[in-house]
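Colleague: no sequence on this one, just coordinates:
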C-alpha cells in the first residue's frame with residue numbers, strides 16, 4: 001500500500017453505512033451490524049474508527065461501553081479489514097488508535113473476544129498488542145453461519161488490554177526450544193500435513209510457565225478435515241479451561257520460526273498473587 005493510511009472517528013449515518021457495507025463483505029450480509037446500532041453506540045460513549053487509504057474505507061473497529069460490576073470499560077466488538085489490504089498492519093494500527101481514544105474517554109481497559117484457534121488473531125492480540133486472557137467461554141455466540149465460524153462451537157477467549165499503559169512486547173523471554181519443551185499438547189502430522197493431537201502432558205501443574213500449541217492454519221484445516229478441527233477445538237478447550245482454573249493466564253504468543261510450521265504457541269504464566 002503506497003497511499004498514506006489515515007484513521008479517524010466515524011459519526012455520521014453515511015460513514016456508518018460504508019462501515020456496514022465493508023462488514024458485509026468481510027463477515028457476510030446476515031452478520032452485518034445495523035447502522036442504527038452503531039450510530040446509537042457512537043452517541044452514547046461508543047466508538048467507530050475507520051482506516052482510509054486515499055479516502056477509501058479499508059478497515060474499521062466498532063466498540064461500545066461495558067460494565068464489569070466495578071468499573072466501566074470499552075467493549076471492542078468488531079474489527080474488520082478489506083481482504084485486499086490484509087497483512088499490512090492495519091488491524092494493529094486500528095487497535096492502537098482505539099486505545100488512544102479509549103484513554104481520552106476515561107475507560108480503564110478494553111475487552112474483546114476472539115477465537116483462540118485463529119493464530120493470526122492470537123499473534124496480534126496477545127503477541128503484538130500485549131493483551132492478556134484468563135477467561136474461556138464455550139460456544140460464546142452459539143451456532144454461527146458465516147464462513148469463518150460455521151460448523152464449529154464458537155468458543156472464545158475474553159482478553160483485557162489496559163488503556164493507560166504501554167503493553168508492547170519486549171524481547172521474547174523464552175526460546176523456541178523452551179516453548180516446545182513446555183508444550184502441554186503433543187502432536188504429530190497427518191498425511192495432509194496438518195497437526196493432530198496425540199496427547200496432553202500431565203506434568204504441567206508443577207510448572208510456572210507452560211505453552212499450548214494451536215494449528216497455524218486452522219481455516220485450511222476446517223476445509224480439509226472438519227473432524228480434525230473439531231478435535232483441536234475440544235482438546236484446547238479442556239486445556240485452557242483447566243489452566244485458567246489453576247491460576248494461569250495467557251500472556252504471550254510465539255510464532256514458530258519456520259513460516260510453514262504446522263503449529264504456533266500460546267505462552268501461559270501463573271498469575272501474581274495479590275498480597
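Modeller: That came in fine, so what should we check first? None of the values given here were measured: they were computed from a predicted structure. Numbering: from 1, shown residues only.

Colleague: Mind telling me what element residue 264 is part of?
Modeller: Residue 264 is part of strand 263-270, with elements assigned from DSSP states H and E.

Colleague: Okay, now the sheet partners of that strand, with direction.
Modeller: When pairs are called by DSSP bridges, strand 263-270 turns out to pair with strand 209-215 (antiparallel), strand 248-254 (antiparallel).

Colleague: Report the buried residues of that strand.
Modeller: By 16 or more other CB atoms under 10 Å, the buried positions in strand 263-270 come out as 263-269. In short, each C-beta sits where N, CA and C put it, glycine included.

Colleague: tell me the mean pLDDT over that strand?
Modeller: Averaged across strand 263-270, the pLDDT comes to 95.

Colleague: Other residues contacting that strand?
Modeller: 116, 119, 122-123, 126, 174, 179-180, 183, 187, 195, 208-216, 243, 247-256 (CB atoms under 8 Å, 6 or more residues apart in numbering).

Colleague: Also stretch 212-221?
Modeller: Under CB under 8 Å, 6+ apart, the answer for stretch 212-221 is 115-119, 122, 148, 183-185, 187, 194-195, 228-229, 232, 236, 239-240, 243, 255-256, 261-266, 268.

Colleague: who does the helix or strand of the chain with the lowest mean pLDDT touch, helix- and strand-wise?
Modeller: One helix or strand of the chain scores below all others by mean pLDDT, DSSP states H and E: helix 176-181, with a mean of 86. Contacts defined by 3 or more CB pairs under 8 Å, 6 or more residues apart in numbering; DSSP states H and E place helix 176-181 against strand 263-270.

Colleague: The strand it packs on: how far from the chain's middle?
Modeller: On the basis of CA atoms, centre = their mean, to the nearest Å, strand 263-270 sits 14 Å off its chain's mean C-alpha point.

Colleague: Phi and psi next, for residue 12.
Modeller: phi -100, psi 160 (degrees, to the nearest 10).

Colleague: give the contact list for it.
Modeller: Here residue 12 is in contact with no residue (CB under 8 Å, 6+ apart).

Colleague: same deal with residue 234?
Modeller: For residue 234, the contact set (CB under 8 Å, 6+ apart) is empty.

Colleague: name the element it belongs to?
Modeller: In this structure, residue 234 sits in helix 226-245 according to DSSP H and E.

Colleague: Next, the angle from that helix to strand 263-270.
Modeller: 20 degrees (axes from the mean of the first three to the mean of the last three CA atoms, to 10 degrees).

Colleague: Can you mark which positions in helix 226-245 are buried?
Modeller: For helix 226-245, burial by neighbour count (16+ other CB under 10 Å) applies to 228-229, 232-233, 235-237, 239-240, 243-244.

Colleague: how about the helices in the stretch 101-250 of the chain?
Modeller: Assigned helices in the stretch 101-250 of the chain, in chain order: 119-122, 176-181, 218-224, 226-245 (criterion: DSSP state H, counting those that start in this stretch).

Colleague: Would you mind putting the ones you listed into JSON lines with distance to residue 50 alongside?
Modeller: Below are these laid out as JSON lines (distance: least, CB to CB, whole Å):
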{"stretch": "helix 119-122", "distance to residue 50": "20"}
{"stretch": "helix 176-181", "distance to residue 50": "37"}
{"stretch": "helix 218-224", "distance to residue 50": "26"}
{"stretch": "helix 226-245", "distance to residue 50": "33"}
